[in-house]
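> Mind folding the following:
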Amino acid sequence: MVAAEAEFGEHGFSSGSLNVIARNANVSKGSLFQYFESKADLCAYLSDVISRRVRVSVEARIAQLCWSEDFFGSLRDICDFWMAYFASHPAELAFASAVTLEPDAETGASVRATVNQHYIAVFRPLLLDAREGGQLAGDADVDMFLAMMMLMLPHLAIAPSHPGLDGVLGLSENDPGGAQKVVDRLITVLHAAFAPRNP
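Reported below is the predicted structural model:
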């Protein structure tokens, strides 16, 4: 898996070479298909492995926060943690970039479906609990909130390292202070859309 992670992280999934992976892993190319039905299957498996690695760190941070007291403050903390995590973990950043920027429709759908399962498993319970506990409006559309997070988090992870990817918020300038302001703005928008309204 180390060889596959390195190759796909550097070149993306559809451009990554199975020949290079097999050579660097000291196995025959044919032996890769003893374990995986196709290249897309290998990509999906690797996506799950790396997503689980990221998830362990994120869930550990989530467990340290008091969501029932300050849901939006905790969410801001997770966004900050998320950006710092990817900034300090180049392999995971390369993987997140490969998933987000994958140009091949079939491969992209496969790896994103795998990654999305982890977003949903981690964040949907938090959102449902927040709505039940009054941190979100009683009629808050949890699926819409979740969908917005699934768009927002990959962008926060990769935009600072991809000049030109973010043409509006300024994340591509790789300025930690500017990134903090972007997170604050995003949380303000989510708060306005989903927090309980004053009577």
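> Give me the local confidence score for the residue nearest to Ala94 when sequence neighbours are not counted.
Distances taken as C-beta to C-beta, 6 or more residues apart in numbering put Gly9 closest to Ala94, at 3.2 Å, once the chain neighbours are dropped. From N, CA and C alone the C-beta is placed, and that goes for glycine too. You'll see Gly9 listed with a pLDDT of 82.
> got a list of contacts for the helix or strand containing Gly9?
Assigned by DSSP states H and E, Gly9 falls within helix 2-11. Outside of helix 2-11, the residues within contact range by C-beta atoms under 8 Å, 6 or more residues apart in numbering are 16-17, 20-22, 24-25, 42-43, 46, 50, 91, 94-95, 97-98.
> can you list the weak-confidence ranges in this protein?
173-174, 176, 199 (pLDDT under 70).
> ok, now how distant is the most centrally placed residue in it from Glu132?
By C-alpha atoms, centre = their mean, the chain has its centre lying nearest to Pro154, at 4.4 Å. Relative to Glu132, Pro154 is positioned 27 Å away (C-beta to C-beta, to the nearest Å).
> Same check on Thr107?
Thr107 sits 38 Å away from Glu132, taking C-beta to C-beta as the criterion.
> Also Leu146?
15 Å.
> Out of those two, name the residue with the larger neighbour count.
Applying other C-beta atoms under 10 Å to Leu146 and Glu132 shows that Leu146 carries more neighbours, namely 18 against 11.
> Pick the one among the contacts of helix 2-11 closest to Pro163.
Nearest to Pro163 among the contacts of helix 2-11: Ser97, at 12.6 Å, using C-beta to C-beta.
> three-state assignment of the nearest residue to that closest one once chain neighbours are set aside?
In this structure, Ser97 finds its nearest non-sequential neighbour in Ile158, 4.8 Å apart by C-beta to C-beta, 6+ apart. When classified by DSSP: H, G, I helix; E, B strand; the rest coil, Ile158 comes out as helix.
> Roughly how far does Ile158 sit from Ala60?
For Ile158, the distance to Ala60 (C-beta to C-beta) stands at 22 Å.
> These two: who's more crowded?
Ile158 (23 against 10).
> Next up, the contacts around the more buried one.
Applying C-beta under 8 Å, 6+ apart, the residues near Ile158 are 86, 93, 96-97, 100-101, 165.
> now it: how far from Val2?
Taking C-beta to C-beta, one finds Ile158 at 22 Å from Val2.
> Identify each buried residue in stretch 32-40, please.
For stretch 32-40, a neighbour-count test (16 or more other C-beta atoms under 10 Å) marks 32, 36, 39-40 as buried.
> can you tell me which of these are in helices?
Among these, the residues falling in helices (DSSP state H) are 32, 39-40.
> I'd like these laid out as a markdown table, including distance to His191.
Putting these into a markdown table (distance: C-beta to C-beta, whole Å) gives the following:
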| residue | distance to His191 |
| --- | --- |
| Leu32 | 47 |
| Lys39 | 42 |
| Ala40 | 39 |
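> All set now, cheers.
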